[in-house]
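1. fold the following and give me the result.
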Amino acid sequence: GFEDLRWKKGGSLKISVIILALFFFAVIADGRLYGFQFGYPDDRTFSIVPYIVKSFVIFAAWVIGSRAVSTFLDGSGTAEKICISSAHALVPYVVQLFVCTGLSHVLIQDEVVFIQIIRIAGIVLTAVMLFIAAKNVHCYSVGRTAFSVALTIAAMLIMLFLLVLFMSLIQQVWLFISTIWTEITYRIRMG
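-> Just a heads-up that it's a prediction; the model follows:
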């Protein structure tokens, strides 16, 4: 299938966006709609931000990291091709999230092994498909693909660390500006 995506232009960016939207909703369903016998979500502290990070930010980090690594390793994949093939590789993971969420309302606690088997199968199949997608998009050998995937994961970790550092810096600047503003307004009132 990934050969068709590459050479026959079988995939499109529109389908990839639909898959990513389904991925986002599947992550929300997995976190919020799981059966009560497998855990209770805390409804008082709902925030959409962790679900955006778990879906869009990590996917974007994969695409950007893969593109950056491919420029160093002479890969032939463009950002669009990486995005399309990676989104298509996510389909088993998305399906297993929806299936496990549905099964969590039907199965009892003693039958959790079926959910775990489906979850592991979805994760393994998606990992294999991401590996094959990277291999076909960049026209690498198996060894070079493994090296490329390891570097991509390292690049993702570096990007996510820098993002957290940047968000912390923004928070500190905001706190500084807020403190100065409070002090100025206090001095004006007192003075």
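2. all contacts plus neighbour counts: C-alpha atoms, from now on.
-> Will do.
3. which stretches of the chain have low pLDDT?
-> Residues of the chain that meet the criterion pLDDT under 70 lie in 1-11, 40-43.
4. the helices in it, which residues?
-> With DSSP state H as the criterion, the chain has helices at 2-7, 13-32, 49-52, 58-72, 79-89, 91-103, 112-138, 142-190.
5. would you turn these into a markdown table with mean neighbour count?
-> Converted to a markdown table, those look like this (neighbours: other Cα atoms under 10 Å):
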| stretch | mean neighbour count |
| --- | --- |
| helix 2-7 | 16 |
| helix 13-32 | 18 |
| helix 49-52 | 14 |
| helix 58-72 | 19 |
| helix 79-89 | 23 |
| helix 91-103 | 20 |
| helix 112-138 | 18 |
| helix 142-190 | 14 |
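6. can I get these in JSON lines including distance to G39?
-> Shown next, in JSON lines, are those (distance: least, Cα to Cα, whole Å):
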{"stretch": "helix 2-7", "distance to G39": "38"}
{"stretch": "helix 13-32", "distance to G39": "10"}
{"stretch": "helix 49-52", "distance to G39": "18"}
{"stretch": "helix 58-72", "distance to G39": "25"}
{"stretch": "helix 79-89", "distance to G39": "29"}
{"stretch": "helix 91-103", "distance to G39": "12"}
{"stretch": "helix 112-138", "distance to G39": "12"}
{"stretch": "helix 142-190", "distance to G39": "28"}
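7. how near is A121 to V95?
-> 11 Å (Cα to Cα, to the nearest Å).
8. can you check M156 too?
-> M156 is 24 Å from V95, by Cα to Cα.
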